[in-house]
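[1] Could you work out the structure for the sequence below:
(2 chains)
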Number of protein chains: 2
Amino acid sequence: MNITLAQQNYHIGNFEANTNKIIEAIREAKKSGADLIVFSELAVCGYPPRDFLEFNDFIEQSLSSIEKIKAETDTIGVIVGAPSRNPKPEGKDLFNSAYFLFENEIKGIAHKTLLPTYDIFDEYRYFEPANEWNILTFKGKKFAITICEDIWNIADNPLYRICPMNELMKQQPDIMINVSASPYDYLHGDNRKQIIARNVGAYNLPMIYCNTIGSQTEIVFDGGSLVMNKEQEIVVELPYFSEGMKEVVWNEDGSFEKGNNVYKITGNKEEIPIAFMPQKEIEKVHAALILGIRDYFSKMNFTNAIVASSGGIDSAVVLALACEALGAENVRALLLPSQFSSDHSVNDAIQLSQNLNNQYDIIPIGKVFDSYNQSLKEVFDGLPFNVAEENLQSRIRGAMVMALSNKFGSILLNTSNKSELATGYGTLYGDMAGGLGVLGDCYKMQVYAIASFINRNQEIIPINIITKAPSAELRPDQKDSDSLPEYNILDPILYQYIERRQGPKEIISHGFDHSLVHRILKLVNTNEYKRNQFCPIIRISPKAFGVGRRMPIVGKYLG
Amino acid sequence: MNITLAQQNYHIGNFEANTNKIIEAIREAKKSGADLIVFSELAVCGYPPRDFLEFNDFIEQSLSSIEKIKAETDTIGVIVGAPSRNPKPEGKDLFNSAYFLFENEIKGIAHKTLLPTYDIFDEYRYFEPANEWNILTFKGKKFAITICEDIWNIADNPLYRICPMNELMKQQPDIMINVSASPYDYLHGDNRKQIIARNVGAYNLPMIYCNTIGSQTEIVFDGGSLVMNKEQEIVVELPYFSEGMKEVVWNEDGSFEKGNNVYKITGNKEEIPIAFMPQKEIEKVHAALILGIRDYFSKMNFTNAIVASSGGIDSAVVLALACEALGAENVRALLLPSQFSSDHSVNDAIQLSQNLNNQYDIIPIGKVFDSYNQSLKEVFDGLPFNVAEENLQSRIRGAMVMALSNKFGSILLNTSNKSELATGYGTLYGDMAGGLGVLGDCYKMQVYAIASFINRNQEIIPINIITKAPSAELRPDQKDSDSLPEYNILDPILYQYIERRQGPKEIISHGFDHSLVHRILKLVNTNEYKRNQFCPIIRISPKAFGVGRRMPIVGKYLG
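    Reported below is the predicted structural model:
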């Protein structure tokens, strides 16, 4: 039997584009003689559709798309993800389903049992879990179809009371097929292969695993669809961070024709040192960020970006990423020096744009700052320069860059990093402005690593930008280290708290200073209100700020 | 048996304050001879604790609080909500529980079965549903204890497959006790009493219903705890929007001593006309907004507010509400006229602050606007005045009012209404700035109704503010109606789409213009990115923007 894996990039709610893409792949697979083609989870409507699912009209459009796809299945079996209606009065109205289409009919539907409802996932908000399980038969073979999370309940401390593969095994399937929408994070990639291998081992069945790719606002799906044989060898693997289609031959005896790069998953994953991530992983983070920018623009129908270029490392990295993702001709930089900006800041920023070959403009903010001070003079009544004036400079920059954004239709890319966002080291409506947070899930130490990666072949980011001490330059001789500990101490504390959800006692037990830990955790918790107004962040970690981390604003815990 | 209902306002994560408050109530109840005292859902940690629940340290603190409370229960039974650990390896780690404490022991724990995971609720994110049910015996009586949502599965189209009261009835309880954290919205209040009556009728048992009050960032809990006897009479009812404690005597024969205002719930609730809400309901909306402001400030440890006062109705209503919630002496207004501001705008805003007796300052923005234009001249290269300059004025105002906020520690109250937020009629980092969205869940027509209510006894808001045509005043002779339909047409369309989740066909079928409906729905969906950066909104409707409405930003549905 010839089985094709179709790893595609969908646009949430864009039924026309998604359906056409699916139908094109079906036609191509038919031409090359495939018996069966497999698509990913909720392919028809895109993942995650969120509260669009609450609109009856949205479900109707999805069901119409299934009809259109069905009409293409005269001679080929198609497994494709889409919502289906729960016919029973009890429970939620929808299932998260995989449709099995063949001979222009719906031959069967498998529903997802385990509904991830943690981090960025909200599936129980919409879907009823499956409560009956049936294998599907096609050309004499029995298929156990599961959806994403369904195969992840295989640990010693399972998150769910039920294991759908255990139920399906009662009907003696010949093969497992899992349709997924499994996102990238820097701890997740290898994990996924190990979970697949564990299922293959536990049930002694091969698995066809089809994932989606593409970025959906903040969530980056990395693909890596694969086929694993009973021997736990990966016989076919699709690319990461790009679309792809591959056919695999499943022999009568249950074996697979092997591709060129067959390999086996072994051992457990090593802990990644957060502050000193290996280059191999930084390469993936880089790919995720590029895809995150590119898909945000293409799916929002935007072309041009603008970056406030300060001469610091964060804006330099964002500018370089934007030029790679969108083309330097579509990216413009705006330099907004103040009286507190050092000469090297402006020169470094100019050099950067010259290296990248992107348009840049320089608008000093001094005169506008003076006019604000003049207007505020009476109300401020001789009170000394403080955070009000510091933030004001940042907000003048925000208003300037937004003026260009509005005038020229360029989308402002935000440059705040995760260390800053965590500690509240940023100005709302100032440097926190923007449509997309490119580095909001990268700790400062990771930003340095990405900068080095960008410079791997040539000096794109001027070396002075990488080596100088970080500064917001909002008052004379200001340095980040005036307010925050060094990033190689700060970042690991933040990582323990944010990604690992460790409390103060646990973090201190790793050897960090008692009062420093309490100070940092308090900063994180009392700045929730700022992050709450921040733009979407491209997610690369297992716990990004934004939809996946939901904290009370009015609360008093470690604050 | 004497049973005390304790309806209290908790602070999320503030274990010390919450525990002290609970213990004080226990001591008071003991003094007045109560046998049993009932507190609300997750009282110990506050509701909703959100991702704080993922911190082991947070759960430890909650369990310590239970120990402290337990030490007070030598002679009184206490039912109090708090998380408990799931001892089994399968399933989520926590239950949402009601502890039954007596004689300094934990006599029993009831777990919540039905975990609301819709709108603002995320309970399945954290909790394992109960899968066994037991009544608790106290002084010879059998108590069926349920938690909030557990009693709501009584409709014809139930959201859950299981009904915990059906399970508990197998053990023949004498009484139902429901501990809740049930929020206010203008459709919810009467609904709740009807659900309680339906349970009382279905199981032929009285119910003790204990709710919480207080605002938690965006969610306002309105209290209204009550005791309903078997005859479906409300024999005791606690206040709305304030704390309270009441004792009720439950006789041996199952009847209750009746209070002064016994009444029975009858009939179904009438549909509330959204654009012309009755004064009785506006009074509650008003109370919810006042509580929303007051609790935000007191729980965040803020005292002073600032409002950008434009002479329009939205800022007038916010200023009046703020003065009532916080005291006029703690509220300051900032008038920021431009060359496009009409004289009456400034005069009306001055009159308003004189009526309210709050401090106000006037800072014209013309000179700062000129200095921006001067600085941008070269880059803008003769391009005509457009949305860039309009937004710039709004952002200058945002920066000015934030400068005062930073200088004087006053929190900026945002004045955007729901009609504006829905259609994207506002400027990010300009009039969309602020710490709390006071009117973000009120449609413009409702803002007018609130204004009338504020003026019910005297003219606080100058009548000219109420009668003049709404305008953003960002270009000569601008009116809202240049860009949007009249609010008495816009608001009902928005209500059908947002609150009722109706698609374009359904809305058009109510008699609205086809192209107008499509235009409005497109505006709503394409402005998701703006709302995503908006501050928390005090929720008064069944579907507010913010945590309870989760839409893809990168999506293409009706957009």
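[2] Contact residues of the stretch 301-450 of chain A facing chain B?
    The stretch 301-450 of chain A comes close to chain B at residues A:361, A:363-365, A:367-368, A:370-372, A:374-376, A:379-380, A:383, A:386-389, A:391-392, A:395-396, A:398-400, A:402-404, A:406-407, A:428-429, A:433, A:435, as judged by CB under 8 Å from any CB of the partner chain. For every residue, glycine as well, the C-beta is placed using N, CA and C.
[3] Got a quick PyMOL command for the buried subset of these?
    Buried subset of these, written as a PyMOL selection, criterion 16 or more other CB atoms under 10 Å in any protein chain shown:
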select buried, chain A and resi 361+363+365+368+371+372+375+376+379+380+388+389+391+392+395+396+398+399+400+402+403+404+406+407+428+429+433+435
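[4] Of the residues of the stretch 301-450 of chain A next to chain B, which belong to helices?
    A:367-368, A:370-372, A:374-376, A:379-380, A:387-389, A:391-392, A:395-396, A:398-400, A:402-404, A:406-407 (DSSP state H).
[5] Pull the residues that contact stretch A:143-150.
    A:41, A:79, A:81, A:96-98, A:100, A:110-116, A:123, A:135-137, A:164-165, A:168-169, A:171, A:173-182, A:205 (CB atoms under 8 Å, 6 or more residues apart in numbering or on different chains).
[6] what do you get for stretch A:350-364?
    Defining contact as CB under 8 Å, 6+ apart, one finds that stretch A:350-364 is touched by A:309, A:311, A:316, A:319-320, A:323, A:328-329, A:331-338, A:346, A:349, A:400, A:404, A:459-462, A:465, B:375-376, B:379.
[7] From one end of that stretch to the other, what's the distance?
    One end of stretch A:350-364 sits 14 Å from the other (CA to CA, to the nearest Å).
[8] Now the buried members of the contacts of stretch A:350-364.
    A:309, A:311, A:316, A:319-320, A:323, A:328, A:331-338, A:346, A:349, A:400, A:404, A:460-462, A:465, B:375-376, B:379.
[9] Up against chain B, what does the stretch 1-150 of chain A have?
    Counting by CB under 8 Å from any CB, the residues of the stretch 1-150 of chain A near chain B are A:11-14, A:17, A:46, A:48-52, A:54-58, A:60, A:89-92, A:117-118, A:122, A:124-125, A:131.
[10] switch to 6 Å and redo it
    A:11-14, A:50-52, A:54-55, A:57, A:89-91, A:117-118, A:124-125 (CB under 6 Å from any CB of the partner chain).
[11] that older thread, would you mind checking the contacts of stretch A:143-150 for buried ones?
    Here, 16+ other CB under 10 Å leaves A:41, A:79, A:81, A:96-98, A:100, A:110-116, A:123, A:135-136, A:164-165, A:168-169, A:173-182, A:205 buried among the contacts of stretch A:143-150.
[12] quick one: which of the residues you listed sit in strands?
    The strands, defined by DSSP state E, take in A:79, A:81, A:96-98, A:100, A:110-111, A:136, A:175-179 from the buried ones among the contacts of stretch A:143-150.
[13] Redo those as a markdown table? Include distance to residue A:473 and pLDDT.
    Formatted as a markdown table, those follow (distance: CB to CB, whole Å; pLDDT from 0 to 100):
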| residue | distance to residue A:473 | pLDDT |
| --- | --- | --- |
| A:79 | 56 | 98 |
| A:81 | 49 | 98 |
| A:96 | 49 | 98 |
| A:97 | 54 | 98 |
| A:98 | 54 | 98 |
| A:100 | 60 | 98 |
| A:110 | 57 | 98 |
| A:111 | 56 | 98 |
| A:136 | 63 | 97 |
| A:175 | 60 | 98 |
| A:176 | 57 | 98 |
| A:177 | 56 | 98 |
| A:178 | 51 | 98 |
| A:179 | 50 | 98 |
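[14] can you name the two of those residues that are farthest apart?
    Largest separation among these by CB to CB: A:96 and A:175, giving 21.2 Å.
[15] So what touches stretch A:377-394?
    With contact meaning CB atoms under 6 Å, 6 or more residues apart in numbering or on different chains, stretch A:377-394 is reached by A:338, A:372, A:427, A:430-431, A:474, B:361, B:403, B:406-407.
[16] ugh, wrong one, I meant stretch A:546-557
    Stretch A:546-557 has contacts (CB under 6 Å, 6+ apart) with A:119-120, A:218, A:528-529, A:532, A:537, A:543, B:11-14, B:50-52, B:216-217, B:299-300, B:536.
[17] Give the burial count for whatever residue of the stretch 401-550 of chain A ends up closest to chain B, as a bare number.
    Closest contact between the stretch 401-550 of chain A and chain B, by CB to the nearest CB, is at residue A:503 (2.7 Å). Residues contacting residue A:503 under the criterion other CB atoms under 10 Å in any protein chain shown number 20.
[18] Surely it and residue B:57 touch.
    Yes. Using CB atoms under 6 Å, residue A:503 is in contact with residue B:57, at 2.7 Å.
[19] what's the pLDDT at the closest residue to residue A:324 other than its chain neighbours?
    Nearest non-adjacent residue to residue A:324, counting by CB to CB, 6 or more residues apart in numbering or on different chains: residue A:290, 5.8 Å away. We have a pLDDT of 98 for residue A:290.
[20] Could you do the one 4 residues further on as well?
    Here, the pLDDT recorded for residue A:294 equals 98.
[21] give me the beta-bridge partners of residue A:222?
    Taking DSSP bridges as the rule, residue A:222 bridges to residue A:213.
[22] what separates it from residue A:180, distance-wise?
    Look at residue A:222 and residue A:180: by CB to CB, to the nearest Å, they are 11 Å apart.
[23] same question, residue A:328
    Here residue A:328 is placed at a distance of 35 Å from residue A:180 (CB to CB).
[24] can you list the weak-confidence ranges in chain A?
    In the predicted model, chain A carries pLDDT under 70 at residues A:189, A:266-276.
[25] Please identify the buried residues of the helix or strand residue A:344 falls within?
    When elements are assigned from DSSP states H and E, residue A:344 belongs to helix A:343-356. Neighbour-count burial for helix A:343-356 flags A:345-346, A:348-353, A:355-356 (criterion: 16+ other CB under 10 Å).
[26] cool, stretch A:448-458 as well?
    So, applying 16+ other CB under 10 Å, buried residues of stretch A:448-458: A:448-451, A:453-455.
[27] Strands - which of the residues you listed land there?
    Judged by DSSP E, the buried residues of stretch A:448-458 include no members of strands.
[28] Where does the stretch 51-200 of chain A get nearest to chain B, which residue?
    Counting by CB to the nearest CB, the stretch 51-200 of chain A gets nearest to chain B through residue A:57 (2.7 Å).
[29] looking at it, that residue is touching residue B:503, isn't it?
    Yes. Between residue A:57 and residue B:503 a contact is recorded at 2.7 Å, counting by CB under 6 Å.
[30] can you pull the contacts of residue A:349?
    Residues in contact with residue A:349 (CB under 6 Å, 6+ apart) are A:309, A:311, A:335.
[31] which one of those sits closest to residue A:487?
    Distances from residue A:487 to those, taken by CB to CB, are shortest for residue A:311, at 18.1 Å.
[32] for the closest one, phi and psi?
    Torsion angles at residue A:311 (phi, psi; degrees, to the nearest 10) stand at phi 90, psi 0.
[33] Spatially nearest residue to it (excluding sequence neighbours)?
    Closest to residue A:311 by CB to CB, 6+ apart is residue A:345, at 3.2 Å.
[34] Remind me which helix or strand the residue nearest to residue A:454 when sequence neighbours are not counted belongs to.
    What sits nearest to residue A:454 in space, not counting adjacent residues and going by CB to CB, 6+ apart, is residue A:320, at 4.9 Å. Under the criterion of DSSP H and E, residue A:320 resides in helix A:313-326.
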